[in-house]
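[1] Show me how the following folds:
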Amino acid sequence: MNKLSRRKFLKRGLLALIGLVLLDSLWFEKYVIDWNYFDISKSEKNKIKIIQISDLHFDQLKSFHSSIAKKINFLKPDLIFITGDSVENTEKIELLNEFLQLIDKPIKKYAITGNWEYWGNVDLKILKEMYSRNNCELLINENRSITLKQREISIIGIDDYVGGNSDFLKAIQGIKQTKTNIVLSHCPEHRDVITAEKGEFKIDLVLSGHTHGGQITLFGFAPFKPQGSGKYLKGWYKNIEPKMYISKGIGTSILPIRFGARAEMVEMDI
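    Purely as a prediction, here's the structure:
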């Protein structure tokens, strides 16, 4: 009788553990967004607040997307950077449009491509037009210099490293180098190319995504990372210049689960 009870106890414990893992990977880590804040400003004056949105992999508009938009509007950032893999096919552009319409339009936004915009044969002209309607510029090996809070900022948007035609040197042609230069590059491995090519050009920050933080990790180890990840996984990399932050992103790819890699939004003061 005791042996039977022990077996039942172990079986129920195992079933409960499996249930918790499924709840975590299919719901919690996907939909309860981890908002991470960093202050990397050089002065207490005229701080500029940025929000990074990465790897949306938009499939349908859900309540957590509305929650993200609501919090963005509450935070009132000066800039939003959308760092690739927003949609996987042209048909999903309208859903992305519905999401962006929830965000206050006056907030200036900049976007880049990811590998899935290419692998899914997304019509970039339609994507660019949709972004434009939402006060967002799609930068493909281009740069923009803007003035905010009496500060000049240069934003460099790189085409995707894996699916597109990334070209850092083309992206900085004609640039007005300012005191704050930010690079948007979907695949973190491209940072190694940028480091080799930038010469004396000063870069304050590289923002990347792509890895999903491994999407499925075991005790911090990611059994699989997508091509273009290189030696990088998630979070800060400051060992060499330029420093880079890799967002774990919002959506999922291939498998609709996350484990040990909770979906993330990034807020920074620069």
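[2] Can you show me the helices along the stretch 51-200 of the chain?
    63-75, 93-100, 115-119, 124-133, 168-171, 190-197 (DSSP state H, counting those that start in this stretch).
[3] what residues go with each domain of the chain?
    Domain segmentation of the chain under automatic domain parsing yields 1-31, 34-269.
[4] ok, back up a step: deepest in the core, which of the helices of the stretch 51-200 of the chain is it.
    Across the helices of the stretch 51-200 of the chain, averaging neighbours per residue (mean count of other Cβ atoms under 10 Å) puts helix 115-119 on top, at a mean of 21. (C-beta placed from N, C-alpha, C; glycine too.)
[5] CA atoms only for that helix, dumped as CSV, please.
    Only the C-alpha atoms of helix 115-119 are listed here, as CSV (Å, rounded to 0.1, in the frame of the first residue of the first chain):
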residue,chain,number,x,y,z
ASN,A,115,15.9,37.6,-41.9
TRP,A,116,12.2,36.6,-42.0
GLU,A,117,11.2,39.6,-44.0
TYR,A,118,13.4,38.1,-46.7
TRP,A,119,12.8,34.4,-46.1
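[6] Go ahead and flag the most central residue of this structure.
    Closest residue to the average C-alpha location of the chain: Ser54 at 2.1 Å, with Cα atoms, centre = their mean.
[7] Okay, that residue and Ala111: tell me how far apart.
    As for Ser54, its distance to Ala111 is 10 Å (criterion: Cβ to Cβ, to the nearest Å).
[8] joint contacts of these two?
    Residues touching both Ser54 and Ala111 (Cβ atoms under 8 Å, 6 or more residues apart in numbering) are Ile82, Thr83, Gly84.
[9] pLDDT value on the residue nearest to the centre of the chain, please?
    Note on Ser54: pLDDT of 98.
[10] Same question for Ile50.
    Looking at Ile50, the pLDDT reads 98.
[11] Could I get the contacting residues of Asn46?
    Lys149, Gln150, Arg151.
[12] and it, what helix or strand is that in?
    Using DSSP states H and E, Asn46 is not contained in any helix or strand.
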